[in-house]
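Visitor: Have a look at this prediction, sequence included:
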Amino acid sequence: MNLPLFWPSAAIQNDLKAYVMHFKLQPGGTLKGEARVPGDKSISHRAIMLGALAEGTSRVNGFLEGEDALATLAAFRAMGVEIEGPDNGNVTVHGVGLHGLKAPAHPLDLGNAGTGMRLLCGLLAGQPFDSELTGDASLCSRPMGRVIDPLTKMGASIGSAEGGRPPLKIRGGQQLQGIHYDLPMASAQVKSCCLLAGLYSRGRTSVTEPAPTRDHTERMLRGFGYTVDSNGAEIALHGGGRLQACDIEVPADISSATFFLVGASIAPGSDLLLQHVGINPTRIGVINILRLMGADITLQQEREVGGEPVADIRVRYAPLRGIEIPLDQVPLAIDEFPALFIAAACAEGRTVLHGAEELRVKESDRIAAMAEGLSTLGVSNEVLDDGIIIDGGDMGGGVIATYNDHRIAMSFAIAALRASGEITVQDCDHVATSFPGFDTLARRLGLSISAVAG
Ligand code: S3P
C-alpha cells in the first residue's frame, strides 16, 4: 500500500480548516483599464450538460473554470462522459447521446451550485439508473421542492431530506410523461429542469413563466439542433429527439462584470472597458437599472456568438441617484442585486426594491446579508419581506460577514472604492465558485485589495 508522505492529524486538519481567506480593502481608488471577466456560469453548466448528451464531440471555449461549473463537469465524468480539459477555458466533451449516461458509483456532489443541482435533477429523473445529488452546507439548505413538484407530476420518483432539501435521491427507470407546468416563481432553473426532463418524456412538455427569465437552455438546445417552441410566456418541446454536437463560445459573465460596472460607476475618475460580455436580453437588468440611476454605460461592438449576443461594455464614473427599481427588471437582474445595493448606497436619495423575495433563497439570504453589511458600514436601510429600502450616504469601514456567499463578498469588496475606512470582508473562499482570480483582476484595475488568511 502507498502511504501518503504526510497525512495531517485530525487536529491539524481542523486547524487547516480554520484558515479561511478574507479580503482586506483600503478605502478609495479608481478603476481603469480593460479586462475580460471569466466565462458565464449559467452557460458553462449548460455547455457541459448538453455537450454530454449530444451525439458527437463538442468544443467549448471561454468555459468558466470556477468551482460551480467544475462540479457539473465532474458529475458528468462520474457518469462515464469523457471530457478533456479545462485548459485555459477550452473543454472538449465527447457526447454519449441522450441515452448514453452510466450510473455514477457515488453521490454526485454539486458543491455550492443550485444550477448544477436543479438542472441535473431534471436530467436524472429520466435515466434508467438511480442517483443521488448532494452539495455543500449552503446548497443543502436550499429549497428543491420547486423542482421535485413538477418532476413528480411528470412521473419521477425523488426523495429528499426534510423540507425538500438535498440530498436528493432519484429513482431511475421511471417513464416520464410530458405535462404543462405553470411556474409558481420566475426561475430559469425550474424552467430548465422541466425542459431537460421533457427530453426524456412521452409527448409534449411545456412551461409558462410568470416573468421572462434567462433563456440559455432554450437557445442552447436549439444550437444543438433540438426544436423548442417559444410562444409568449410558454416554452415547449417534445421528448424523444436527439442532440447534435456543436461548438460553444461562452461569453464573459455579465454577473461577474457587474462588480466592475458598479465599481466604476461609484468611483470618481473611473473608466473601464469590459470585453466580450454576454448581453442576452434576459440578463441585462443590471445595465437597465444602473442607467436608470444615471450610470454612464455604453455598449460597443455588439455581435452574436453561438446564439448569444455579446458586447464590449464601457463604463465611466457618473453620479448615481436612487430609484424605485421597476418590477419587470427584477428577474433580469436577480443575481446582481448585492452589487446594485452598493450602487444604491452610493447614490443620492432613496432606492426601493420590491418583488425580490427570491433573493432570500440564494446562496445566502441576500437581503438579510446585505442589510447587515450595509448597516455595519453605516448605510441606512430597511429590510422588507420582498426587498429593501436603501438611503444613499457616506460609507465607513468595518468587518463584513459574507455568509459564505460569493456575491456578498465581491459586493462589499467593491464598496471600498467609496468607503472612508478599511473594510475586511470575511470568508471569501466561495468567490472561487463564480469568479476565480477576482482579487487579482480587481487589484490590476485599481482596487486596493489583498487576500489574507484568517
Ligand atoms: C440560474 C438561474 C437563477 C440564477 C442562478 C443561475 C440559471 O436562479 O439566480 O444564479 O443558470 O438558470 P433561479 O432559477 O433560482 O432564479
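Guide: Arrived safely. From a predicted model like this one, the values you see are computed outputs, not experimental measurements.

Visitor: Give me every residue in this structure lying close to the ligand.
Guide: 42, 115, 187, 188, 189, 192, 214, 334, 335, 358 (C-beta under 6 Å from any ligand atom). For glycine as for every other residue, the C-beta is placed from the backbone atoms N, C-alpha and C.

Visitor: you'd agree residue 211 is in a helix?
Guide: No: per DSSP: H, G, I helix; E, B strand; the rest coil, residue 211 lies outside any helix segment and is coil.

Visitor: Contacts only, for the residue nearest to residue 20 when sequence neighbours are not counted.
Guide: Nearest residue to residue 20, sequence neighbours excluded (C-beta to C-beta, 6 or more residues apart in numbering): residue 427, at 5.2 Å. For residue 427, the contacting residues are 20, 21, 22, 401, 402, 403, 404, 409, by C-beta atoms under 8 Å, 6 or more residues apart in numbering.

Visitor: mind redoing it with 6 Å?
Guide: Residues in contact with residue 427 (C-beta atoms under 6 Å, 6 or more residues apart in numbering) are 20, 402, 404.

Visitor: ok, now how distant is the second one from residue 82?
Guide: Separation of residue 402 from residue 82 (C-beta to C-beta, to the nearest Å) stands at 37 Å.

Visitor: re earlier: now name the helix or strand holding the residue nearest to residue 20.
Guide: Counting by DSSP states H and E, no helix or strand carries residue 427.

Visitor: And it, how far from residue 377?
Guide: For residue 427, the distance to residue 377 - C-beta to C-beta - is 17 Å.

Visitor: Same check on residue 237?
Guide: 47 Å.

Visitor: try residue 112
Guide: Distance, residue 112 to residue 377, using C-beta to C-beta: 25 Å.

Visitor: With residue 86 instead?
Guide: For residue 86 relative to residue 377 (C-beta to C-beta), the value is 37 Å.

Visitor: what about these two, which has more around it?
Guide: The residue with more neighbours, out of residue 86 and residue 377, is residue 377; 23 against 20, by other C-beta atoms under 10 Å.

Visitor: Residue 395 is in contact with the more buried one, correct?
Guide: Yes: with contact defined as C-beta atoms under 6 Å, residue 377 counts as touching residue 395 (4.5 Å).

Visitor: Leaving out the residues flanking it, which one is nearest to residue 109?
Guide: residue 134 (5.4 Å).

Visitor: Check residue 92 too.
Guide: Using C-beta to C-beta, 6+ apart, the closest residue to residue 92 is residue 84 (4.1 Å).

Visitor: State the number of residues packed around that neighbour.
Guide: Residue 84: 12 neighbours (other C-beta under 10 Å).

Visitor: Okay, now the sheet partners of the host helix or strand of it, with direction.
Guide: Element membership for residue 84 (DSSP H and E) is strand 82-87. Sheet pairing of strand 82-87 (DSSP bridges) gives strand 90-96 (antiparallel).

Visitor: Type out the PyMOL command that picks the buried ones from the contacts of residue 427.
Guide: Selecting only the buried entries of the contacts of residue 427 in PyMOL, with 16 or more other C-beta atoms under 10 Å as the criterion:
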select buried, resi 402+404
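
Visitor: In TSV, list the contacts of residue 427 along with secondary structure and pLDDT.
Guide: Shown next, in TSV, are the contacts of residue 427 (DSSP: H, G, I helix; E, B strand; the rest coil; pLDDT from 0 to 100):
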residue	secondary structure	pLDDT
20	coil	92
402	coil	98
404	coil	96
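
Visitor: I'd like the contacts of residue 427 written out as CSV, with distance to residue 159 added.
Guide: CSV is the format used below for the contacts of residue 427 (distance: C-beta to C-beta, whole Å):
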residue, distance to residue 159
20, 33
402, 32
404, 27
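
Visitor: quick one: which of the contacts of residue 427 is nearest the ligand?
Guide: residue 404 (15.4 Å; C-beta to the nearest ligand atom).

Visitor: Settle this for me: the closest one is touching residue 429, isn't it.
Guide: No: using C-beta under 6 Å, residue 404 makes no contact with residue 429, being 7.6 Å away.

Visitor: Could you look up the next helix or strand downstream of whichever strand or helix holds residue 373?
Guide: Using DSSP H and E, the element containing residue 373 is helix 366-376. Next helix or strand after helix 366-376 toward the C-terminus (DSSP H and E): strand 381-384.

Visitor: Packing partners of the very next helix or strand once past that following strand?
Guide: Downstream of strand 381-384, the next assigned helix or strand under DSSP H and E is strand 387-391. With contacts defined as 3 or more C-beta pairs under 6 Å, 6 or more residues apart in numbering; DSSP states H and E, strand 387-391 has these neighbours: helix 337-345, strand 350-353, strand 381-384.
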